[in-house]
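**Student:** A predicted structure for the sequence below; I have some questions about it.
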2 protein chains.
Amino acid sequence: MPAPELPLDRVAIWGVGLMGGSLGMALRWAGAAREVVGIGRDRRTLRVAQELGAVDRWETDPEAGMAGAQLLVLGAPVRVIRDQAAEWGPRVPEGCVVTDLGSTKAEVVAAWEAHIAPGAAFVGSHPMAGSERAGVRAARPDLYRGARWVITPTPATPPWAAALVARVAEAVGARVLWMPPDLHDRRVAYVSHLPQIVATATAAAAQKGDEAVGWVMSLAAGGFRDTTRVAASPVYLWQDILLTNRDPVLAALADFREALDGLEAAVRAGDPEGIARWFSRAHEARSRLAL
Amino acid sequence: MPAPELPLDRVAIWGVGLMGGSLGMALRWAGAAREVVGIGRDRRTLRVAQELGAVDRWETDPEAGMAGAQLLVLGAPVRVIRDQAAEWGPRVPEGCVVTDLGSTKAEVVAAWEAHIAPGAAFVGSHPMAGSERAGVRAARPDLYRGARWVITPTPATPPWAAALVARVAEAVGARVLWMPPDLHDRRVAYVSHLPQIVATATAAAAQKGDEAVGWVMSLAAGGFRDTTRVAASPVYLWQDILLTNRDPVLAALADFREALDGLEAAVRAGDPEGIARWFSRAHEARSRLAL
């Protein structure tokens, strides 16, 4: 079966926040979908999404919203996406490709593959875009431009369905990367979930220091601001991410603790070479950051 | 004794890198010094400093360089500044105010107060400016504009000498904060040294993850880049900072570990409320960041 050509006749987006709303705008702006239907519970949010041009129309009943859609995009927080599978997977219409925008993949993919209707197809994906801001009011049509968009097929994924998701990603300006769900999760644990945890713990420690010593925050400068920027992210997103990626997060934390222990021991021992060893490991990683 | 008025006739800057070089430029641009003399060992660096307009002339002999100076600014790495005290403190000319640009204060202030010539005065200071870049080629006359400049007097500091350093800081556009050396060190441990250590350990962990799982760095995005930006800083600066601020750094690390342990336990237990508790502490700190 060949992947449907763009523009698609109808795309449904369930969960029209920063990610889903930006995708709706981008698809409409790019002419990649003739109609974008928003699905959600909160009529006020859906009305704002419509006013901002993120959706053409909206439904609060998921079944009505996904009717006739060639592509259904799940844009809720990860645990919600995962838990939608049991009830809604079996009701996905014939021929519809379902994908999601969640930040962790193994649990979501497993749940949806277990429950999706036989005539439909699920393709996990993770567009690596976003910000500390959340909600449809922060949405913008260029959110995905230049971003990496990871697609996580499994042996159960029909290739034509994966190809459709890749076309959509490219249509909104993203660069597609392919990898299995579990490898995705182990990789993002290091470069996204670990930084989130350490940024949060760093800011929390500064708060404690401020209470103990006073005036600590008056000396916070660019380094503190950058290192803790992601700590401003909404907690409900991160509860879902961390709780759906437990083992990879714990593995990354173990490697972090090894480095932290090494640096702390060097400071305690007054050992400049010990400090230098960990700095050079860090420099090595940063030298391989894509520009 | 009243503080000398600006412009000063002669300022000597010992160590003309990013910090010292920028100060030289700023003093000359602002007309706050009639002559700026660079002191250092490396003639090539001193020549570059002169070409860039950071100094009017230079000397490799410290005694010649500080002759006739009303202000001597120590711009080397912190351990060097500290260790210059025993040999050079006694040779500071009569009436000269010595200050430094080091990032930690207690050890430097103690060493210089113990050794400075009776007719001269030492005033510790820490201008909170800089970047991951280093060296006089990165110097710029506006480095201190809008920056906080901490001055750390003790009961031994002559008020007129502290006032002179404050005038100089304000002349180059900085905002002066006053606090004792030990309080300064405990505060910056939380908002500068702790972030440096965790950023370094985060990047080092990602490097280890990349070696184990592969392609980790291909998924690094803005969050990783920001959280680890300071990890790109030169190690020789941080060896000096961490090794001259051991106890405050270890105290900040203990508070960090408490937060890290709490977050890790919440992830391990699948406890969303535990995660939320630490996020709200972090949000509290960040909400008090100066804009």
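**Tutor:** Looks like it arrived, so ask away.
**Student:** quick one: the residue in the stretch 1-150 of chain A positioned nearest to chain B from A:H193, how far?
**Tutor:** Residue of the stretch 1-150 of chain A nearest chain B, by CB to the nearest CB: A:M128 (5.1 Å). Heads up, the C-betas are built off the backbone N, CA and C, glycines and all. Relative to A:H193, A:M128 is positioned 13 Å away (CB to CB, to the nearest Å).
**Student:** Quick check, the residue of the stretch 1-150 of chain A closest to chain B in contact with A:A147.
**Tutor:** Yes: contact criterion CB atoms under 8 Å: A:M128 and A:A147 qualify, at 5.5 Å.
**Student:** if you count what's nearby, which of these two comes out ahead?
**Tutor:** Shown here are A:M128 and A:A147; by other CB atoms under 10 Å in any protein chain shown, A:M128 has more neighbours (21 against 18).
**Student:** The nearest residue to the more buried one once chain neighbours are set aside: neighbouring residues, count only.
**Tutor:** The spatial neighbour of A:M128 that comes closest, neighbours along the chain excluded (CB to CB, 6 or more residues apart in numbering or on different chains), is A:R148 at 4.6 Å. Neighbourhood size, A:R148 [other CB under 10 Å]: 19.
**Student:** Return the per-residue confidence for A:R148.
**Tutor:** The model reports A:R148 with a pLDDT of 96.
**Student:** quick one, what contacts it?
**Tutor:** A:R148 sits next to A:127-128, A:174-177, B:218-219, B:221 when contact means CB atoms under 8 Å, 6 or more residues apart in numbering or on different chains.
**Student:** And A:R43, by the same measure?
**Tutor:** By CB under 8 Å, 6+ apart, the contact set of A:R43 is A:T60.
**Student:** Tell me how far it lies from A:D83.
**Tutor:** A:R43 is 22 Å from A:D83, by CB to CB.
**Student:** from the contacts of A:R148, which ones fall inside strands?
**Tutor:** Taking DSSP state E, the ones among those that sit in strands are A:127-128, A:175-177.
**Student:** Produce a PyMOL select command limited to the buried residues of those residues.
**Tutor:** Typed into PyMOL, the line below selects the buried ones among these, using 16 or more other CB atoms under 10 Å in any protein chain shown:
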select buried, chain A and resi 127+128+176+177
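**Student:** just the ones in strands among the contacts of A:R148 now: which is nearest A:R47?
**Tutor:** A:P127 (24.8 Å; CB to CB).
**Student:** where does the stretch 51-200 of chain A have low pLDDT?
**Tutor:** Filtered on pLDDT under 70, the stretch 51-200 of chain A yields the residue ranges A:131-132.
**Student:** Next to chain B in this structure, residues from it, please.
**Tutor:** With the criterion set to CB under 8 Å from any CB of the partner chain, the stretch 51-200 of chain A comes near chain B through A:128, A:147-148, A:150, A:177, A:179, A:183-184, A:186-192, A:194-200.
**Student:** Mark which of those are part of strands, please.
**Tutor:** Using DSSP E, the members of these that fall within strands are A:128, A:148, A:150, A:177.
**Student:** any chance of those in JSON lines, with distance to A:A138 too?
**Tutor:** JSON lines is the format used below for these (distance: CB to CB, whole Å):
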{"residue": "A:M128", "distance to A:A138": "16"}
{"residue": "A:R148", "distance to A:A138": "20"}
{"residue": "A:V150", "distance to A:A138": "22"}
{"residue": "A:L177", "distance to A:A138": "25"}
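**Student:** Quick one: the strands in chain A, in order.
**Tutor:** A:11-14, A:36-39, A:57-59, A:71-74, A:97-100, A:121-128, A:148-152, A:175-178.
**Student:** Can I get these in a markdown table including distance to A:L260?
**Tutor:** A markdown table is the format used below for the strands of chain A (distance: least, CB to CB, whole Å):
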| stretch | distance to A:L260 |
| --- | --- |
| strand A:11-14 | 40 |
| strand A:36-39 | 44 |
| strand A:57-59 | 47 |
| strand A:71-74 | 36 |
| strand A:97-100 | 34 |
| strand A:121-128 | 26 |
| strand A:148-152 | 28 |
| strand A:175-178 | 30 |
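**Student:** Out of those, which gets nearest to B:S287?
**Tutor:** Closest to B:S287 of the strands of chain A is strand A:121-128 (CB to CB; 27.0 Å).
**Student:** pretty sure A:M66 contacts A:Q84?
**Tutor:** No: between A:M66 and A:Q84 there is no contact under CB under 8 Å: 11.1 Å.
**Student:** OK, contacts around the residue nearest to A:T157 when sequence neighbours are not counted?
**Tutor:** Spatial nearest neighbour of A:T157, excluding adjacent residues (CB to CB, 6+ apart): A:V123 at 5.7 Å. Going by CB under 8 Å, 6+ apart, A:V123 touches A:97-99, A:151-153, A:157, A:161-162, A:164-165.
**Student:** now with 10 Å?
**Tutor:** A:71, A:97-100, A:109, A:112, A:151-154, A:157-159, A:161-166 (CB atoms under 10 Å, 6 or more residues apart in numbering or on different chains).
**Student:** need the helices for chain A, in chain order.
**Tutor:** Taking DSSP state H to define them, one finds helices in chain A at A:18-29, A:43-51, A:62-66, A:78-88, A:106-115, A:159-171, A:181-188, A:194-213, A:222-227, A:235-243, A:246-269, A:272-287.
**Student:** With distance to B:A254 added, can I get the ones you listed in TSV?
**Tutor:** Shown next, in TSV, are those (distance: least, CB to CB, whole Å):
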stretch	distance to B:A254
helix A:18-29	37
helix A:43-51	43
helix A:62-66	49
helix A:78-88	33
helix A:106-115	35
helix A:159-171	45
helix A:181-188	29
helix A:194-213	9
helix A:222-227	18
helix A:235-243	23
helix A:246-269	10
helix A:272-287	18
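**Student:** Would you tell me which of those gets closest to B:D255?
**Tutor:** It is, among these and with distance given as CB to CB, helix A:194-213, at 4.1 Å.
**Student:** For the closest one, buried residues please.
**Tutor:** A:194-210, A:213.
**Student:** Which elements pack onto that helix?
**Tutor:** Where contact means 3 or more CB pairs under 10 Å, 6 or more residues apart in numbering or on different chains; DSSP states H and E, helix A:194-213 is packed against helix A:222-227, helix A:235-243, helix A:246-269, helix B:181-188, helix B:194-213, helix B:222-227, helix B:246-269, helix B:272-287.
**Student:** returning to that earlier point: could you tell me which residues make contact with the residue of the stretch 1-150 of chain A closest to chain B?
**Tutor:** A:103, A:144, A:147-150, A:174-175, A:177, A:188, A:191-192, B:219-223.
**Student:** Please check those residues and keep the buried ones.
**Tutor:** With burial judged by 16+ other CB under 10 Å, the buried subset of the contacts of A:M128 is A:103, A:144, A:147-150, A:174, A:177, A:188, A:191-192, B:219-221, B:223.
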